[in-house]
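Chemist: Could you look at this predicted model? Sequence included:
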Amino acid sequence: MEALYTASATATGDGRNGHVRSADGVLDFDLAVPKEMGGPGGALTNPEELFAAGYAACFHSALKAAARLKKVTLTDTAVTIDIGVGPNDKGGFQLKATIEAEISGVDETTAHQLLETAHQLCPYSNATRGNIDVQLSLA
């Protein structure tokens, strides 16, 4: 694959309680382990939130592309992605994703078709397919 764009970011400090900065400086902030995972939590983000935000934005673009491919006009849409992290059965950790799409102005069958097509188009979905549990639903 020839990359059309490459993003670059560097993590420093203490990993999940460290700092991240993108190569272009647009992202530049501290991280904190969530309270649910034994950390301080608070007003700092974490890798799962960053992954959820990126996946949601990318999937939303894929949903719009799916609509264009199927010649469907969408009026009001949103995508919410929840990323869960927990222990796996091998002594490490794994992720799971729940994707919920709000698609108004089309019937339920069309909405499901668009959701499934977006899941095939989205690079995040393609990267995670077969690696993590992903649940799709309509709001």
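Modeler: Noted; the coordinates are in hand.
Chemist: helix or strand for Gly84, which one?
Modeler: strand 77-87 (DSSP states H and E).
Chemist: That strand pairs with which strands?
Modeler: Here strand 77-87 is paired, per DSSP bridges, with strand 93-103 (antiparallel).
Chemist: List the buried residues for the partner strand?
Modeler: 95, 97, 99-101, 103 (16 or more other CB atoms under 10 Å). Any C-beta I mention is one placed from the backbone N, CA and C, and that applies to glycine too.
Chemist: Kindly report the same for stretch 39-52.
Modeler: With burial defined by 16+ other CB under 10 Å, the residues of stretch 39-52 counted as buried are 44, 46-48, 50-52.
Chemist: biggest helix in this protein by residues?
Modeler: helix 47-69 (DSSP state H).
Chemist: quick check: angle from that helix to strand 93-103?
Modeler: 40 degrees (axes from the mean of the first three to the mean of the last three CA atoms, to 10 degrees).
Chemist: what's the average pLDDT for helix 47-69?
Modeler: For helix 47-69, the mean pLDDT works out to 98.
Chemist: Which elements pack onto it?
Modeler: strand 77-87, strand 93-103, helix 108-121, helix 123-128 (3 or more CB pairs under 8 Å, 6 or more residues apart in numbering; DSSP states H and E).
Chemist: still on that earlier bit, how far off centre is the strand holding Gly84?
Modeler: Centre-to-centre, strand 77-87 and its host chain are 6 Å apart (CA atoms, centre = their mean, to the nearest Å).
Chemist: got a list of contacts for the longest helix of the chain?
Modeler: By CB atoms under 8 Å, 6 or more residues apart in numbering, the residues outside helix 47-69 that reach it are 16, 20, 31, 34, 73-74, 77-85, 95, 97, 99, 101, 103, 114-115, 117-119, 121-125.
Chemist: Selecting buried members of these in PyMOL, what would you type?
Modeler: A single PyMOL command selects the buried members of the contacts of helix 47-69 (16+ other CB under 10 Å):
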select buried, resi 20+31+34+74+77+79+81+83+85+95+97+99+101+103+114+115+117+118+119+121+122+124+125
